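Engineer: What would the 3D arrangement of this be:
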Amino acid sequence: SSGINAEYGVSQLLASKSASDILESIDFLVSAYEFGLKAAELGIRKMLVLVFNGDQNVRDAVVNAYIRLYIKPDSGKRQSSEAIAENLMKMTHGATLGELMSLKELVKLLLDKEHITPRSIKVLLDLLVDRSPDTPPHRLNSATIVLTMVAAEDYTLVTQNINLLAAAGFSTGHVTPGHVTLAKTMC
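Structural biologist: Below you'll find the predicted structure:
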């Protein structure tokens, strides 16, 4: 429980006016997350909004932290395109509107640095287009959310695949509330 309180206190330092406090907090939370401390997840999620911080060093630290955690977690070795797509989708689960806006900015920055590759984007498209009937609607919705973030930076993704995306969004078979959400997100 004292570990949880420490991680809570560190995540509170993310709101500090001092860039050095924020940078130390980011380092601590990343290390705690890598060591499997469950309570660090809240701080990692709260850290996302710092992609809009006025200090370039803080913004860079946030991007590098997410690269370290979700793109290259094994000693700097890039994960497979499938794992990167999966990690991006997981980041949308339970995200608030503010977190989604921050994730959109992070996706933009990762695209700019070519950490999200065309292969990862294809994995997301394939999930929507070639899905099995057993694919849970929340996975389809997460893939769609990430694709819309990518499309905001590269609209050719949408224009090249508009027929496939429309078919994926509107031909859902058995309609559930999750499928309605998918169709709404696809629009």
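Engineer: Please make it C-alpha for all contacts and neighbour counts, starting now.
Structural biologist: OK.
Engineer: what's around Ala83, how many residues?
Structural biologist: Using other CA atoms under 10 Å, Ala83 has 15 neighbouring residues.
Engineer: Next: Asp112.
Structural biologist: Count around Asp112 with other CA under 10 Å applied: 11.
Engineer: For it, give its distance to Pro73.
Structural biologist: 20 Å (CA to CA, to the nearest Å).
Engineer: Same check on Asn141?
Structural biologist: 25 Å.
Engineer: And for Leu125?
Structural biologist: When Leu125 is compared with Pro73 (using CA to CA), they lie 24 Å apart.
Engineer: between those two, which one's more packed in?
Structural biologist: When Leu125 and Pro73 are compared for neighbours, Leu125 comes out ahead with 21 against 15, by other CA under 10 Å.
Engineer: Pull out the buried positions in the helix or strand containing that one.
Structural biologist: When elements are assigned from DSSP states H and E, Leu125 belongs to helix 118-129. Using 16 or more other CA atoms under 10 Å as the test for burial, helix 118-129 gives 120-125, 127-129.
Engineer: go on, stretch 28-36?
Structural biologist: Those would be 28-30, 32-33, for stretch 28-36 by 16+ other CA under 10 Å.
Engineer: now, which of the residues you listed lie within helices?
Structural biologist: Per DSSP state H, helices hold the following members of these: 28-30, 32-33.
Engineer: Sticking with the nearest residue to Val123 once chain neighbours are set aside, tell me its helix or strand.
Structural biologist: Among residues not flanking Val123 along the chain, Glu82 sits closest, at 6.2 Å (CA to CA, 6 or more residues apart in numbering). Using DSSP H and E, Glu82 maps to helix 81-92.
Engineer: Report the next helix or strand after that helix in sequence order.
Structural biologist: Heading C-terminal from helix 81-92 (DSSP H and E), you reach helix 97-112.
Engineer: Only the C-alpha atoms, please, for that next one, written as CSV.
Structural biologist: Taking C-alpha atoms only, helix 97-112 is exported to CSV below (Å, rounded to 0.1, in the frame of the first residue of the first chain):
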residue,chain,number,x,y,z
LEU,A,97,-12.1,12.4,-24.4
GLY,A,98,-9.0,14.3,-23.1
GLU,A,99,-6.9,11.1,-23.2
LEU,A,100,-8.1,10.4,-26.8
MET,A,101,-7.1,13.9,-27.9
SER,A,102,-3.7,13.4,-26.3
LEU,A,103,-3.4,10.0,-27.9
LYS,A,104,-4.2,11.6,-31.3
GLU,A,105,-1.3,14.0,-30.8
LEU,A,106,1.0,11.1,-29.7
VAL,A,107,0.0,9.2,-32.8
LYS,A,108,0.8,12.2,-34.9
LEU,A,109,4.2,12.5,-33.3
LEU,A,110,4.9,8.7,-33.7
LEU,A,111,3.9,8.9,-37.4
ASP,A,112,6.2,11.9,-37.9
